[in-house]
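> just to be clear, the model below is a prediction. Sequence and coordinates:
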Amino acid sequence: MQVLINGDTHSFESSIELVALLEQLGYRGEIFAVAVNGGFVARSEYSVIDIHDGDSLDIVAPVVGG
Amino acid sequence: MNDLLTLYGKTFNSRLLVGTALYPSPAIMRESVQVSASEIITLSLRRQNPAQQQDNVFWDYIRESGCQLLPNTAGCKSPREAVELAKMSQEIFQTDWLKLEIIGDDYNLQPDPFGLVEAARKLVQLGFKVLPYCTDDLVLCRKLLDVGCEVLMPWGAPIGTGQGLLNKYNLQTLRERLSDVPLIIDAGIGAPSQAAEALEMGFDAVLLNTAIAKAQSPVLMAQAFKLAVESGRAAFNAGLMLRCQTASPSTPTLDMPFWQQAENMLQE
């Protein structure tokens, strides 16, 4: 299956838990937040959300801003 | 004189809010923020891959600053985007404060008034303390107050232009008609004199970024803005004189020497 992550296409063998996907990609710690298909997903829900073919993820972190 | 800025029940000594973008380096950003004495700083969220996570000096500085964080929703073009980004900000930054931005025009980055009201209503319901970046339209500002915003941030001029207070009539109208509402001039301030003018007019604070970050010496400019904001506020508290169309001598005219000679010369 294919998943769009921060605008780039990533391939996975099958549906995967969000928590496993983030670990596989190398996201560690608590300095990021996630939205799936445009909707915020709380950190407490990472282990109960499955990512499917065609899903789109946004993973964001702090940056400078005005 | 105990003249604190109160926003959403929290008090601050400084009336200068600063952004963290566009500085030559994170170190210069940190020093500039320190010198400005600002207690509220803006920042944002953007997509980031794990490799970028390893070296986030910026975030380390922010955490050390002890400032009230004011995450923005810069770049959002719809209420839905802004609301979802706000939730992400709340989780990362552990604050319910939010600088709400919804852009309605790419050319001058003008806020979308309709989207702002819709998003503000939703965010207030979710418990956010919303500080909307808005235009200087009185009716829009009233609508934002109606949906629960307790602080408003009308623009002085479009973001990054440094044009100062472009529509003083509208801004003065806001100040007079919304006399009990904390009003912060956000965006468009390019010089310390413009910040001082905003404070002289009775605005409660100013928020700026580019004017400091893009100065030849950001740290020195941060100090200049600090002094200007303090000066403007002191002038407001002191009460400005009324403007007059005709001149009025400040030096006493009574017992002026030579006046008889001057009259004689006229008669001759």
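Arrived safely.

> what residues does chain A have near chain B?
A:6-7, A:25-35, A:38-40, A:42-43, A:58-66 (CB under 8 Å from any CB of the partner chain). For the C-beta atoms, the positions are set from N, CA and C on the backbone; glycine is no exception.

> for A:S47, which non-adjacent residue is closest in space?
Setting aside the residues directly before and after it, A:S47 is nearest to A:V19 in space (CB to CB, 6 or more residues apart in numbering or on different chains), at 4.6 Å.

> for the helix or strand where that neighbour lies, give the mean pLDDT please.
Assigned by DSSP states H and E, A:V19 belongs to helix A:18-25. Averaged over helix A:18-25, pLDDT sits at 95.

> looking at this, A:S47 is in a helix?
No. Note on A:S47: no helix contains this position according to DSSP: H, G, I helix; E, B strand; the rest coil, which reports coil.

> list the contacts for it?
A:17-19 (CB atoms under 8 Å, 6 or more residues apart in numbering or on different chains).

> in CSV: the residues you listed, plus distance to B:K99 and neighbour count.
Listed next are the contacts of A:S47 as CSV, based on distance: CB to CB, whole Å; neighbours: other CB atoms under 10 Å in any protein chain shown:
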residue, distance to B:K99, neighbour count
A:E17, 34, 14
A:L18, 29, 19
A:V19, 31, 15
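
> the residues you listed into JSON lines, with extra columns for distance to B:Q90?
Conversion of these to JSON lines gives the following (distance: CB to CB, whole Å):
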{"residue": "A:E17", "distance to B:Q90": "24"}
{"residue": "A:L18", "distance to B:Q90": "19"}
{"residue": "A:V19", "distance to B:Q90": "20"}
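
> neighbours of B:T135, just the number please.
By other CB atoms under 10 Å in any protein chain shown, 17 other residues sit near B:T135.

> right, I mislabeled it, should have said B:R80
15.

> what's the helix or strand for it?
helix B:79-93.

> how close does the residue of the stretch 151-268 of chain B found nearest chain A sit to B:A51?
Using CB to the nearest CB, the single residue of the stretch 151-268 of chain B nearest to chain A is B:N209, 3.6 Å away. Counting by CB to CB, to the nearest Å, the gap between B:N209 and B:A51 amounts to 27 Å.
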